[in-house]
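K.L.:
no sequence on this one, just coordinates:
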């Protein structure tokens with residue numbers, strides 16, 4: 001059973017290197033916000049950014065990528081991603097609007113470039129003045145690298161005019177290139193109106209126990225994700241930070257965010273303002289429903305965000321197998337019966353957490369339906385482009401009697417009003 005579990009759940013996305021099918025939103029040949037994309041981003045080989053604590057791989061003394069092994073030294077860098085066979089920007093826009101269901105042959109990351117390499121953590125420390133403090137020299141060097149990171153972010157915001165951040169946290173069995181290509185999908189279909197950063201943790205371990213090694217690697221990476229979020233929030237030019245997390249990446253993201261929220265409350269600050277957190281999207285969340293209830297819901301985690309969208313798929317076989325082995329429902333495959341009476345109604349009243357049941361998301365879409373299903377990708381695009389809430393004119397989802405929102409296969413066709421190319425931004 002363990003072998004079956006590891007095999008099914010680790011097979012997260014066999015098409016991560018392809019551009020997703022055209023979202024329903026764009027299949028009529030309209031609505032992609034071309035006019036709003038700045039000239040500097042109208043390219044078929046845009047630059048993606050990344051922060052990783054994967055170990056680097058070198059060949060002939062040069063950086064050749066990053067592995068599934070861990071590194072105590074966090075890196076900030078960039079890599080261009082080539083959008084398949086698109087000739088130029090106009091050709092890419094035409095293919096974005098195609099309703100043929102075609103896919104580009106590949107999304108190909110070009111060689112990564114390191115911009116900032118942080119010192120190994122934990123930094124050397126000592127006990128002094130009744131507390132534990134990092135040694136002055138190593139602390140000064142670390143803060144120097146922080147300033148270099150923040151200067152690079154400010155420069156990119158100045159170049160593109162995009163002060164909103166889009167962070168993608170992948171799941172298990174994803175390698176470094178996967179994190180960049182999925183991010184490129186999300187960023188492109190949401191209108192290129194953000195600065196895209198992949199948080200690429202040491203997943204992709206092979207073998208029967210690869211899934212379990214990946215889980216532990218996720219725990220290892222929580223501190224580094226916290227550091228990334230802290231550094232971004234401290235940049236004055238950063239407006240909001242949106243986060244999309246998938247599968248076990250949802251555990252890393254919510255754990256890091258929870259600890260940061262507690263930290264800000266301890267300082268007497270409002271987490272939403274201090275952390276600049278915007279929308280949080282949890283897709284196919286490989287999380288224990290009970291743990292989420294006690295660690296997040298009980299601590300009013302949601303008040304730190306504009307909204308939290310939880311995409312649920314009853315046909316996610318990977319999460320159902322996880323539930324069977326752990327005897328606990330998984331958040332990404334939860335049902336109304338998994339919640340206490342009145343719990344969903346309470347969440348509905350606060351207007352911040354939305355459970356979105358995706359119809360017919362199984363089969364060919366599998367565990368990675370969030371980026372392969374044209375309806376789900378449409379809803380993600382509408383959410384991040386318009387900041388609209390479920391049930392509004394711009395996100396015409398249906399609310400069922402159990403307080404789950406339903407996303408139909410053809411969503412949002414025939415129910416979406418004329419959408420401005422820049423939709424009010």
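P.N.:
Cool, the structure landed. All values reported here derive from a predicted model rather than from experimental measurement.

K.L.:
Give me the buried stretch members for stretch 230-248, please.
P.N.:
The neighbour-count check on stretch 230-248 (16 or more other C-beta atoms under 10 Å) flags 231-233, 235, 238, 240-248 as buried. (Each C-beta comes from the backbone N, C-alpha and C, glycine too.)

K.L.:
could I get the residues you listed as a markdown table with pLDDT, secondary structure and distance to residue 262?
P.N.:
Formatted as a markdown table, those follow (pLDDT from 0 to 100; DSSP: H, G, I helix; E, B strand; the rest coil; distance: C-beta to C-beta, whole Å):
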| residue | pLDDT | secondary structure | distance to residue 262 |
| --- | --- | --- | --- |
| 231 | 98 | helix | 19 |
| 232 | 98 | helix | 19 |
| 233 | 98 | helix | 15 |
| 235 | 98 | coil | 22 |
| 238 | 98 | coil | 21 |
| 240 | 97 | strand | 21 |
| 241 | 98 | strand | 18 |
| 242 | 98 | strand | 21 |
| 243 | 98 | strand | 17 |
| 244 | 98 | strand | 23 |
| 245 | 97 | strand | 19 |
| 246 | 95 | strand | 24 |
| 247 | 92 | coil | 24 |
| 248 | 91 | coil | 22 |
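
K.L.:
can you put those in CSV and add distance to residue 369?
P.N.:
Listed next are these as CSV, based on distance: C-beta to C-beta, whole Å:
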residue, distance to residue 369
231, 32
232, 29
233, 31
235, 34
238, 30
240, 26
241, 25
242, 20
243, 19
244, 14
245, 15
246, 10
247, 11
248, 16
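
K.L.:
now, which of the residues you listed sits nearest residue 164?
P.N.:
Nearest to residue 164 among those, counting by C-beta to C-beta, is residue 240 at 5.0 Å.

K.L.:
Report the secondary structure state of the nearest residue to the closest one once chain neighbours are set aside.
P.N.:
Distance criterion C-beta to C-beta, 6 or more residues apart in numbering; nearest residue to residue 240, sequence neighbours excluded, is residue 278 at 3.7 Å. Assigned with DSSP: H, G, I helix; E, B strand; the rest coil, residue 278 falls in the strand class.

K.L.:
Go ahead and confirm residue 278 touches residue 164.
P.N.:
Yes - at 7.1 Å, residue 278 counts as touching residue 164 under the criterion of C-beta atoms under 8 Å.

K.L.:
Mutual contacts of the two, please.
P.N.:
By C-beta atoms under 8 Å, 6 or more residues apart in numbering, residue 278 and residue 164 have these common neighbours: 240, 241, 242.

K.L.:
so what's residue 142 closest to, chain neighbours aside?
P.N.:
Spatial nearest neighbour of residue 142, excluding adjacent residues (C-beta to C-beta, 6+ apart): residue 119 at 5.2 Å.

K.L.:
got the phi/psi numbers for that neighbour?
P.N.:
In terms of degrees, to the nearest 10, the main-chain angles of residue 119 are phi -60, psi 160.

K.L.:
residues touching it, list them.
P.N.:
Here residue 119 is in contact with 73, 138, 141, 142, 145 (C-beta under 8 Å, 6+ apart).

K.L.:
which secondary structure elements does the strand or helix carrying residue 126 contact?
P.N.:
Per DSSP states H and E, residue 126 falls inside strand 125-128. Packing partners of strand 125-128 (3 or more C-beta pairs under 8 Å, 6 or more residues apart in numbering; DSSP states H and E): strand 131-134.

K.L.:
May I see the buried residues of the strand it packs on?
P.N.:
residue 134.

K.L.:
Tell me the gap between it and the middle of its chain.
P.N.:
33 Å (C-alpha atoms, centre = their mean, to the nearest Å).

K.L.:
That one: partners in the sheet, and parallel or antiparallel?
P.N.:
strand 125-128 (antiparallel) (DSSP bridges).

K.L.:
Count the neighbours of residue 282 for me.
P.N.:
Neighbour count for residue 282, taken as other C-beta atoms under 10 Å: 28.

K.L.:
Run through the residues that contact the closest residue to residue 265 other than its chain neighbours.
P.N.:
Using C-beta to C-beta, 6+ apart and skipping residues adjacent in sequence, the residue nearest residue 265 is residue 271, 6.4 Å away. The contact partners of residue 271, by C-beta under 8 Å, 6+ apart, come to 260, 261, 264, 265, 277, 303, 304.

K.L.:
From these, which land in helices?
P.N.:
In helices, judged by DSSP state H, the following of the contacts of residue 271 are found: 260, 261, 264, 265.

K.L.:
Show me the shaky parts of the stretch 251-400 of the chain.
P.N.:
Applying pLDDT under 70 to the stretch 251-400 of the chain flags residues 317, 320-327, 361-365.

K.L.:
number of nearby residues for residue 359?
P.N.:
Residue 359 has 16 nearby residues by other C-beta under 10 Å.

K.L.:
I'd say it and residue 409 touch.
P.N.:
Yes - the pair residue 359 / residue 409 is scored as a contact, 5.8 Å apart, by C-beta under 8 Å.
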